[in-house]
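Trainee: Next comes the sequence, and after it the predicted model I'd like to discuss.
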Amino acid sequence: EVQLVESGGGLVQPGRSMKLSCAASGFTFSNYGMAWVRQAPTKGLEWVATISYDGSSTYYRDSVKGRFTISRDNAKSTLYLQMNSLRSEDTATYYCTEGLAYWGQGTLVTVSS
Amino acid sequence: IQLTQSPSLLSASVGDRVTLSCKGSQNINNYLAWYQQKLGEAPKLLIYNTNSLQTGIPSRFSGSGSGTDYTLTISSLQPEDVATYFCYQYNNGLTFGSGTKLEIK
């Protein structure tokens, strides 16, 4: 059974940093590109960042470029999202996904003083 | 590519045939999926590549379309179908529609 389990969310002050993790199991993680998608409270889904299967290519939405870094450790089957200089508008549930069928349950990040 | 979903809110009766629309700002080349999201849950894939039914999804769900215009159809609405439905294109980057909230009348 495919499982994606996010962790690392919580309450953080504006301007601070937070690192999310997503532990994958049940599929060959190293064969898949992966992405982070977020959803602000009561809002729609928003793509955040994508990384290629081997980590050689990364892509970001404009609003997080220069602040967020997506990375992966294929030996540990884990995806990461390092978030720096957090803003109130980054408040959302963050999901990791292989980009189509596999989604985690999400981890809530709240940016507030 | 931007995706525009309509309507934003749809109220229908159990047993009704329901049609949800998704229009892209550019050709999506059939790389279009539909998700169902219930309150407090992660999105669930229903349809991928325009019309391929994901494993385990009831056959009352179907997708169609081409170019910039795509449709999700529920042939006979069931109470458990109450949810928000998002379209999603993966032809050029990754983009989601703003969603259609489906309610039972």
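Mentor: It's in.
Trainee: Just confirm residue A:53 is within a helix.
Mentor: No - under the criterion used here (DSSP: H, G, I helix; E, B strand; the rest coil), residue A:53 is coil, not part of a helix.
Trainee: all helices in chain B, in order from the N-terminus.
Mentor: Counting by DSSP state H, chain B has no helices at all.
Trainee: Spell out which parts of it neighbour chain A.
Mentor: Chain B comes close to chain A at residues B:33, B:35, B:37, B:41-45, B:48, B:54, B:86, B:88, B:90, B:93-99, as judged by Cβ under 8 Å from any Cβ of the partner chain. (Glycine included, C-beta is placed from N, CA and C.)
Trainee: tell me which residues form a beta bridge with residue 3?
Mentor: Unless you meant another one, I'm taking chain A. The partner list for residue A:3 in beta bridges (DSSP bridges) reads residue A:25.
Trainee: Chain B, not that one
Mentor: Beta-bridge partners, per DSSP bridges, of residue B:3: residue B:24.
Trainee: So for it, what's the pLDDT?
Mentor: Residue B:3 carries a pLDDT score of 97 in this model.
Trainee: Determine the number of other residues adjacent to it.
Mentor: 21 (other Cβ atoms under 10 Å in any protein chain shown).
Trainee: And the residue nearest the centre of the chain?
Mentor: Since no chain was named, I'll use chain A. Nearest residue to the geometric centre of chain A (Cα atoms, centre = their mean): residue A:36, 3.6 Å.
Trainee: Please refer instead to chain B.
Mentor: Residue closest to the average C-alpha location in chain B (Cα atoms, centre = their mean): residue B:34, at 3.9 Å.
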